[in-house]
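In: Dropping the sequence and predicted coords here.
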Amino acid sequence: MGQTRRKRPSVNDIDLARWREYEEIETDSLWLIPERDRSGEHIGDYHGNFVPQIPRQAMLRYTKHGDVVLDGFLGSGTTLIECRRMGRHGIGVELKPDLADSARERIEVEENLHGYPTTVITGDTCDGADVVPKIETALEAISRDTVQLVILHPPYHSIIRFSDLPNDLSNAPDTGDFLVRFGQTVDNTARFLESGRYLVLVIGDMYVAKQWVPLGFYCMQEVMSRGFTLKSIVVKDMRNNRAKRQLENIWRYRALAGGFYIFKHEYVVFFEKRI
Ligand SMILES: C[S@@+](CC[C@H](N)C(=O)[O-])C[C@H]1O[C@@H](n2cnc3c(N)ncnc32)[C@H](O)[C@@H]1O
């Protein structure tokens, strides 16, 4: 007698009988997003933010209506604005108190179409003693104890210095220290992730002392070493990055002179928690 395989519960609201209708949903590993979504409160004025289409795509594939999304590096609040549009509960952690306050205000202005609350936590995602009880309290307030999607968009180490705070990941003294602390952020957020659900990492590589540092791959390794299953590495085109565009010619000259290629991509990496 053959074993009957138990069907895994769905992690999204996609009706596969209507699969042709989901034109918006990406299924390729190369994302060429022609333009940032600037609608509503997606103003895009925070240097180092991601395009709203990234959390949107992740939520379309890996969450259902009413699920809880936890963003460990909230920045200007992009993920929670998208939660309000898509009918997901959202919890976001940001280290800088002034930025957390302005994100909170901005998110509140965005119409909450489905009525699910969003919570901005001011805290240090690397520090379990600080952030874990704060996330627990936010979950208790919505009568939940787990989340169904974790999004991590950390600083790409020192590429952008986000603040002078010593616990800011962009101030980690070296790559080794950055990775240890990044690993702590995985532990402190993924502990809330329901089994069978997804963690999304948005990260890029960097150059240090004329060498390409594959930060993205190192971070992927940190997640995999915790027993997560790597499901997809998406390469996202960054050619429309405003800062890069303005410096186009300088970088072209430097690349020709220095024998390297200019970064035009970042990674959106999807992991499943099967543990
Ligand atoms: C790449 S940005 C995230 C941008 C965000 N996705 C957006 O769209 O605005 C990284 C953010 O992590 C914050 N950060 C750095 N270290 C942190 C830490 N230890 N805990 C929490 N947030 C931290 C920075 O202040 C910065 O706003």
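Out: Received the coordinates, thanks. Numbering: from 1, shown residues only.
In: residues in the stretch 151-275 of the chain within reach of the ligand, list them.
Out: Residues of the stretch 151-275 of the chain lying close to the ligand by CB under 6 Å from any ligand atom are 153-155, 162-163, 167-170. Where C-beta positions appear, they are placed from N, C-alpha and C, glycine not excepted.
In: Take the residues you listed and write them to a markdown table, including distance to K210.
Out: Converted to a markdown table, these look like this (distance: CB to CB, whole Å):
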| residue | distance to K210 |
| --- | --- |
| H153 | 27 |
| P154 | 24 |
| P155 | 21 |
| F162 | 25 |
| S163 | 27 |
| N167 | 29 |
| D168 | 25 |
| L169 | 23 |
| S170 | 21 |
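In: are any of those buried, and which?
Out: Those of these that meet the buried threshold are 153-155, 162, 168-170, by 16 or more other CB atoms under 10 Å.
In: how about the residues of the stretch 151-275 of the chain next to the ligand, which pair is most distant?
Out: H153 and N167 (17.1 Å; CB to CB).
In: re the thing from before, need the residues of the stretch 151-275 of the chain next to the ligand in a markdown table with secondary structure, can you?
Out: Listed next are those as a markdown table, based on DSSP: H, G, I helix; E, B strand; the rest coil:
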| residue | secondary structure |
| --- | --- |
| H153 | coil |
| P154 | coil |
| P155 | coil |
| F162 | coil |
| S163 | coil |
| N167 | coil |
| D168 | coil |
| L169 | helix |
| S170 | helix |
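In: for the residues you listed, which one is nearest H265?
Out: Distances from H265 to those, taken by CB to CB, are shortest for H153, at 15.1 Å.
In: residue contacts, the closest one?
Out: Applying CB atoms under 8 Å, 6 or more residues apart in numbering to H153 gives the contacts 50, 54, 71, 73, 75, 201-203.
In: Just the C-alphas of stretch 89-107, formatted as CSV.
Out: Extracted as CSV, the C-alpha positions of stretch 89-107 are listed here (Å, rounded to 0.1, in the frame of the first residue of the first chain):
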residue,chain,number,x,y,z
HIS,A,89,-1.4,42.6,10.9
GLY,A,90,2.1,44.2,11.0
ILE,A,91,4.7,44.5,13.7
GLY,A,92,8.0,46.4,12.9
VAL,A,93,11.1,47.0,15.0
GLU,A,94,13.3,50.1,14.4
LEU,A,95,16.3,51.1,16.5
LYS,A,96,16.3,54.9,15.9
PRO,A,97,13.6,56.5,18.1
ASP,A,98,13.0,59.5,15.9
LEU,A,99,12.6,57.3,12.8
ALA,A,100,10.3,54.9,14.6
ASP,A,101,8.2,57.9,15.6
SER,A,102,8.0,59.3,12.1
ALA,A,103,7.3,55.8,10.7
ARG,A,104,4.4,55.5,13.2
GLU,A,105,2.9,58.8,12.1
ARG,A,106,3.3,58.0,8.4
ILE,A,107,1.7,54.6,8.8
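In: name the element G216 belongs to?
Out: G216 is part of helix 215-224 when elements are defined by DSSP states H and E.
In: what packs against that helix?
Out: Judged by 3 or more CB pairs under 8 Å, 6 or more residues apart in numbering; DSSP states H and E, the packing partners of helix 215-224 are helix 175-190, strand 193-203, strand 229-237, strand 265-272.
In: quick one, helices of the chain?
Out: For the chain, the helices defined by DSSP state H cover 53-62, 78-86, 97-109, 128-141, 175-190, 215-224, 242-246, 248-258.
In: quick one: which of those is nearest Y116?
Out: helix 78-86 (7.0 Å).
In: State the mean pLDDT of that closest one.
Out: Helix 78-86 carries an average pLDDT of 97.
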